[in-house]
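K.L.:
curious how this folds, go ahead:
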Amino acid sequence: MTSLLHSFKRMFYIEQLKQLKITEVDGVPVQDLSDQELKHALTIARLKEGA
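P.N.:
All right, here's what the predicted structure looks like:
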């Protein structure tokens with residue numbers, strides 16, 4: 001069950017970044033980022049968008 005939740009969270013973060021037109025961070029595709037890097041990238045992107 002935890003694995004399913006983990007996968008859902010990853011997909012959610014990746015989709016949120018794609019909606020913000022972010023497909024890579026520092027030259028690394030968002031799919032290859034760690035969970036912590038995904039959360040950080042999404043937080044920074046939302047701050048830059050003013051959300």
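
K.L.:
can you pull the phi/psi pair for residue 24?
P.N.:
phi -150, psi 160 (degrees, to the nearest 10).

K.L.:
repeat that for residue 35.
P.N.:
According to degrees, to the nearest 10, residue 35 has phi -60, psi -40.

K.L.:
one more: residue 16?
P.N.:
phi -60, psi -40.

K.L.:
need the pLDDT of it.
P.N.:
Predicted confidence (pLDDT) at residue 16: the value is 95.

K.L.:
tell me how many other residues crowd it.
P.N.:
Residue 16: 16 surrounding residues under other Cβ atoms under 10 Å. (Each C-beta comes from the backbone N, C-alpha and C, glycine too.)

K.L.:
can you pull out the strands in this structure?
P.N.:
Along the chain, counting by DSSP state E, strands occupy 24-25, 28-29.

K.L.:
contacts for the first one, please.
P.N.:
Which is strand 24-25. 30, 33, 37, 41 (Cβ atoms under 8 Å, 6 or more residues apart in numbering).

K.L.:
same list, these, but as TSV with neighbour count, distance to residue 24 and pLDDT please.
P.N.:
Below are these laid out as TSV (neighbours: other Cβ atoms under 10 Å; distance: Cβ to Cβ, whole Å; pLDDT from 0 to 100):
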residue	neighbour count	distance to residue 24	pLDDT
30	20	6	95
33	21	9	95
37	15	11	95
41	22	10	95
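
K.L.:
these: which two are farthest apart?
P.N.:
30 and 37 (8.7 Å; Cβ to Cβ).

K.L.:
quick one, what contacts residue 22?
P.N.:
Contacts of residue 22 (Cβ under 8 Å, 6+ apart): 30, 41, 45.
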